[in-house]
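Participant: predicted model follows, preceded by the sequence.
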Amino acid sequence: MIGLMPGPILALAQAQRACSPSLRNNVPMLTVLTMLVHIVENYVGEETMSLTSLARSLVASLLLIPVAGSALAQAPFYQGKQVKVLVGFSPGGGTDLFGRLIAEGLGQHIAGRPAVIVQNMPGAGSVVASNFFSQRAPRDGTVLLIGTGQLLLRIVLGLDGAKSKANDLEPLIASPMGRIAYVRTSAGVPSAKALLNPGEPLIVGVPEVIATLDTVLGLKALDVKFRAVTGYPGKNDTRMALERGEVNVDGQATPVYNSSVLHMIKSGVARPIFAQGLMDGDKLVRDPAAPDIPSVAEVYVDMYGKPPEGPAWEAYKASVRAFGNAGKILMTHPDIPPAAMAALNHAVDAMARDAAFVKSAETVLEGYSFQTGKPLRDGVSAIGRTDPATITWLQNMLSADFNMKFN
C-alpha cells in the first residue's frame, strides 16, 4: 500500500480547509485525490515544486466540484422550462376555461415558475388531444392534458378512434361535474312513479350519446321506456328543442341547469326528474350543487321500493364515476421523471389549498371544488378497473341503440 507522504498530507489538509463543511468528510473523494497528489509528487520529485503546487491546486479545485453539482441538483426541476397544457376542446367552453384556470394556477405554484401555456387541440370529445398526448407528446412532464370524465369513459370503453389506455394517464387535479335530467310537464310525469306510465311517450334529444349518457343511462337504470332522437349539434340545441316542445326529456350540466333551465322549472314548463349525483365509494350521493334534487338511486327506491340493482345500474355507477367525479381533469404521463411528478403534485395541492386562488376559481368551478391526491388517484384507478361485464353491457347497448363502434 502506498504510504501518505508529508507533502500530499499538507496539500490535503489545505484543500480540506478550503472546501465546504459538508464535503470535508467525503472520505472516498479525499482518499483518491490524496493518492493523486502522492503519485505526482513521487513522479516529479521533491525538487519540481511547480508541479507539486499544481497537484495541490488540483485537489482543492476538484473538491469544490461537488459543491457546484449540489447546487445544480437543488435547482427546481421546472426552472427555465415551458409547460404546455393541451385542451381537447375549442377556446371559450367550460373545459377550456378550466384548462386556462389550471394553467394560471400551475404558473403560480410550480417551483421554478416555468412558463405555462395552453394549446387547444379540439376533436372527437378530446380523443384527438388524448391520442397525441399518449402517442407523440414527450414524457418529460412538460406536456399535460386537460380532459373530461367523458374522455376517460371513451377510453375505457375502447370507443372507435381512441388510442389511449387508462394507464397512460396519471390524474393530478380534478373538479367534479353533476347533471340534472328534467321533463316537460306536458309529458304527464308529475311524480317518479309516473315515469312508468307517462301521459305521452318520452322523447330524449341526443346530440352525441356520450354527452347525454347520464340521462340515457339514468332512464335505463330506472327501466323507463323512451325514444332517443339523435342529430342535434349540441346540448344547447337539445335544451332549446325541449323548450320548443320537439322533445320532452333533456339533461344538462348542473351549472347550465341553474343558469338556463331553472326559468322553465319556475314557470311550470318543466320539472326535474333526477340529478346524476356523484359516487362516494360504491354509493351514489346527491349532487352538492343541487342538494334538493334526488339522485337516480333515490328515485329508483321511490318507484320500486328497493335499492337499484342489475347491469344497467352497475353501468350507471361506473359511468358516473367517470363523467361525474372526474368531470374536468388535469393529467400527466405516469412515467415522467420523479422530480417532475413531485413538483406537479406539490403544485396542485398548493393550488387546492390557496384560498385566494380557489376564490378566483369559483366562476369556473361552478359550485364544485378541487380534488387532488390519493382520493382522486383511487377514483380514476377504479374507472380503469371497471368490471369487464359492465364494459361489455355498455358497448352492446351503445352499439345496438346508437350504432357506436369500438376498437
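Facilitator: The structure has been received and is ready for your questions. As the structure is a prediction and not an experimental result, all values here were calculated from the model.

Participant: distance of residue 171 from residue 393?
Facilitator: Note on residue 171: its distance to residue 393, by CB to CB, to the nearest Å, is 25 Å. In this view, the C-beta of every residue, glycine as well, is placed from N, C-alpha and C.

Participant: right, I mislabeled it, should have said residue 110
Facilitator: 42 Å.

Participant: okay, now the unreliable bits of the stretch 1-150 of the chain?
Facilitator: Along the stretch 1-150 of the chain, segments meeting pLDDT under 70 span 1-73.

Participant: would you map the helices across it?
Facilitator: For the stretch 1-150 of the chain, the helices defined by DSSP state H, counting those that start in this stretch cover 6-18, 27-44, 49-73, 94-109, 127-135, 149-157.

Participant: average pLDDT for stretch 168-182, rounded please.
Facilitator: Stretch 168-182 carries an average pLDDT of 96.

Participant: dump that stretch to CSV, keeping only the CA atoms.
Facilitator: Output in CSV follows, covering the C-alpha atoms of stretch 168-182 (Å, rounded to 0.1, in the frame of the first residue of the first chain):
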residue,chain,number,x,y,z
ASP,A,168,-51.4,6.2,-20.0
LEU,A,169,-52.9,8.9,-17.8
GLU,A,170,-52.0,10.0,-14.2
PRO,A,171,-54.5,12.3,-12.6
LEU,A,172,-53.3,15.5,-10.9
ILE,A,173,-56.3,17.6,-10.1
ALA,A,174,-60.0,17.5,-11.0
SER,A,175,-63.3,19.1,-10.4
PRO,A,176,-66.5,17.0,-10.5
MET,A,177,-69.5,17.8,-12.6
GLY,A,178,-73.1,17.0,-11.9
ARG,A,179,-76.0,16.9,-14.3
ILE,A,180,-79.8,17.1,-14.0
ALA,A,181,-82.5,15.4,-16.1
TYR,A,182,-85.8,17.2,-16.5
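
Participant: what comes up buried for it?
Facilitator: By 16 or more other CB atoms under 10 Å, the buried positions in stretch 168-182 come out as 168-182.

Participant: what's the burial count for residue 122?
Facilitator: 16 (other CB atoms under 10 Å).

Participant: backbone dihedrals for the residue nearest to it when sequence neighbours are not counted, please?
Facilitator: Using CB to CB, 6 or more residues apart in numbering and skipping the chain neighbours, the partner closest in space to residue 122 is residue 90 (4.6 Å). When read as degrees, to the nearest 10, the backbone of residue 90 gives phi -70, psi 160.

Participant: for residue 307, see how far away residue 399 is.
Facilitator: 29 Å.

Participant: okay, residue 110 and residue 393: which has more neighbours?
Facilitator: Neighbours were counted for residue 110 and for residue 393 using other CB under 10 Å; residue 110 has more, 25 against 17.

Participant: closest to residue 280 among the buried residues of stretch 168-182?
Facilitator: residue 176 (10.9 Å; CB to CB).

Participant: correct me, but residue 79 touches residue 114?
Facilitator: Yes. Using CB atoms under 8 Å, residue 79 is in contact with residue 114, at 7.2 Å.

Participant: who's more crowded, these two?
Facilitator: Neighbours per residue (other CB under 10 Å) separate residue 79 from residue 114, with residue 114 holding more: 20 against 12.

Participant: quick one, phi psi at the more buried one?
Facilitator: Residue torsions, per degrees, to the nearest 10, at residue 114 are phi -70, psi 160.

Participant: OK, contacts around it?
Facilitator: If a contact means CB atoms under 8 Å, 6 or more residues apart in numbering, then residue 114 has 78, 79, 80, 81, 82, 83, 107 as its contacts.

Participant: of those, buried ones?
Facilitator: The buried subset of the contacts of residue 114 - by 16+ other CB under 10 Å - is 78, 81, 83, 107.

Participant: which of those fall in strands?
Facilitator: Among the buried ones among the contacts of residue 114, the members found in strands (DSSP state E) are residue 83.

Participant: save the buried ones among the contacts of residue 114 as JSON lines, and put in distance to residue 363 too.
Facilitator: Output for those, formatted as JSON lines (distance: CB to CB, whole Å):
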{"residue": "78", "distance to residue 363": "28"}
{"residue": "81", "distance to residue 363": "29"}
{"residue": "83", "distance to residue 363": "24"}
{"residue": "107", "distance to residue 363": "19"}
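
Participant: for residue 231, which residues are in contact?
Facilitator: 206, 207.

Participant: who's in contact with the nearest residue to residue 161 once chain neighbours are set aside?
Facilitator: Computed as CB to CB, 6+ apart, the closest residue to residue 161 that is not its neighbour in sequence is residue 127, at 5.5 Å. Residues in contact with residue 127 (CB under 8 Å, 6+ apart) are 88, 151, 154, 159, 161, 162, 164.

Participant: wait, the third one touches residue 162, no?
Facilitator: Yes. In this structure, residue 154 is within contact of residue 162 by CB under 8 Å, at 5.1 Å.

Participant: so for those two, which sits in the more crowded spot?
Facilitator: Of the pair residue 154 and residue 162, residue 154 is the one with more neighbours under other CB under 10 Å, namely 26 against 23.

Participant: pull up the per-residue confidence for the more buried one.
Facilitator: pLDDT, residue 154: 93.

Participant: likewise the one 5 residues further on?
Facilitator: In this model, residue 159 is scored at 90, pLDDT.

Participant: re earlier: now, which of the contacts of residue 127 sits nearest residue 361?
Facilitator: residue 88 (20.1 Å).

Participant: how about the contacts made by the residue nearest to that closest one when sequence neighbours are not counted?
Facilitator: Spatial nearest neighbour of residue 88, excluding adjacent residues (CB to CB, 6+ apart): residue 126 at 2.8 Å. By CB under 8 Å, 6+ apart, the contact set of residue 126 is 88, 89, 95, 147, 148, 150, 151, 154.

Participant: could I get those as TSV with distance to residue 326?
Facilitator: Formatted as TSV, these follow (distance: CB to CB, whole Å):
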residue	distance to residue 326
88	14
89	16
95	12
147	8
148	8
150	9
151	9
154	12
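
Participant: now, among those residues, which is nearest to residue 345?
Facilitator: Set against residue 345, the nearest of the contacts of residue 126 by CB to CB is residue 147 (17.9 Å).

Participant: surely that closest one touches residue 89?
Facilitator: No. Residue 147 lies out of contact with residue 89 (CB under 8 Å); the separation is 9.5 Å.
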